[in-house]
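Participant: quick one, fold the following:
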Amino acid sequence: MYDFVEQYISDCIEDGVNSPKDICHHVLKEIAEVDKILAQQNQLRTKRANLQKVLRNFNHESLKKPRKNTILVNPDVADEDLDPSYKNLLVNVCDFIKESSRPVMPREIMDSMMMQDVVDCDYVDDKQRCVYMSIKWLLDKGIVSRNDTDRSIFPGENWNHRPE
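Facilitator: Take a look at the predicted model:
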């Protein structure tokens, strides 16, 4: 944050805005401009949502998102036969669980994988499904286990056989 403040003040000084009063006035002017742009964007978001309602009213095909073939892995598939991108996701999920000092909730795993952008899918829903399926695959293999009480995930009896 301080880097931005320092840089902003330096830029103002270079532009001939020197006093704190003038810099604050410049900031308020810029905030007003940003607020105006954000208000326009909100209007566009509302209009877009309303236009989609019109399409939904006619059950238009454009609202049906195309399905990309999401890799759903059978628990009987051997580790060496896994698709490389899916195996990478499994490794990342295991690494996340390993680095945590406590059992983790499935939502934490999903959020982390989405933030790291390690899921090779086009749509957010498909990415979440991929992460969910990877957790399920790891559970089915006994690599991770689930606490029956709070549904948290932790290393299982086959943890040493996890994909690497």
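Participant: for the rest of this, base every contact and every neighbour count on C-alpha atoms.
Facilitator: OK.
Participant: check which helix or strand covers the nearest residue to residue 62 once chain neighbours are set aside.
Facilitator: Of all residues not flanking residue 62 in the chain, residue 55 sits nearest, at 8.0 Å (C-alpha to C-alpha, 6 or more residues apart in numbering). Using DSSP states H and E, residue 55 sits within helix 20-57.
Participant: would you confirm that the residue nearest to residue 62 contacts residue 63?
Facilitator: Yes. Counting by C-alpha atoms under 8 Å, residue 63 is a contact partner of residue 55 at 7.4 Å.
Participant: neighbour count: the two, which is higher?
Facilitator: With neighbours defined as other C-alpha atoms under 10 Å, residue 55 and residue 63 compare such that residue 55 has more, 14 against 11.
Participant: please report how far that one lies from residue 46.
Facilitator: Shown here: residue 55 relative to residue 46, a distance of 14 Å by C-alpha to C-alpha, to the nearest Å.
Participant: where does the residue nearest the centre of the chain land in three-state SS?
Facilitator: Central residue of the chain (C-alpha atoms, centre = their mean): residue 114, 3.0 Å from the mean position. Local secondary structure at residue 114 is given as helix here, using DSSP: H, G, I helix; E, B strand; the rest coil.
Participant: helix, strand or coil for residue 154?
Facilitator: Secondary structure for residue 154, judged by three-state DSSP, is strand.
Participant: mind listing the residues bridging to it?
Facilitator: Here residue 154 sits in beta bridges with residue 145, going by DSSP bridges.
Participant: thought it was touching residue 139?
Facilitator: No. Contact criterion C-alpha under 8 Å: residue 154 and residue 139 do not qualify, at 9.7 Å.
Participant: neighbour count winner among the two?
Facilitator: Comparing residue 154 with residue 139 by other C-alpha under 10 Å, the one with more neighbours is residue 154, at 22 against 19.
Participant: next one, pLDDT for that one please.
Facilitator: On pLDDT, residue 154 comes in at 91.
Participant: kindly report the same for residue 124.
Facilitator: With respect to pLDDT, residue 124 scores 51.
Participant: neighbours of residue 92, how many?
Facilitator: 20.
Participant: ugh, typo on my part, it should be residue 142
Facilitator: Residue 142: 17 neighbours (other C-alpha under 10 Å).
Participant: what do you get for residue 35?
Facilitator: Residue 35 has 12 nearby residues by other C-alpha under 10 Å.
Participant: cool, and residue 133?
Facilitator: Residue 133, neighbours per other C-alpha under 10 Å, totals 19.
Participant: elements contacting the helix or strand hosting it?
Facilitator: Applying DSSP H and E as the criterion places residue 133 in helix 124-140. When contacts are defined as 3 or more C-alpha pairs under 8 Å, 6 or more residues apart in numbering; DSSP states H and E, helix 124-140 sits against helix 84-99, helix 106-116, strand 144-146.
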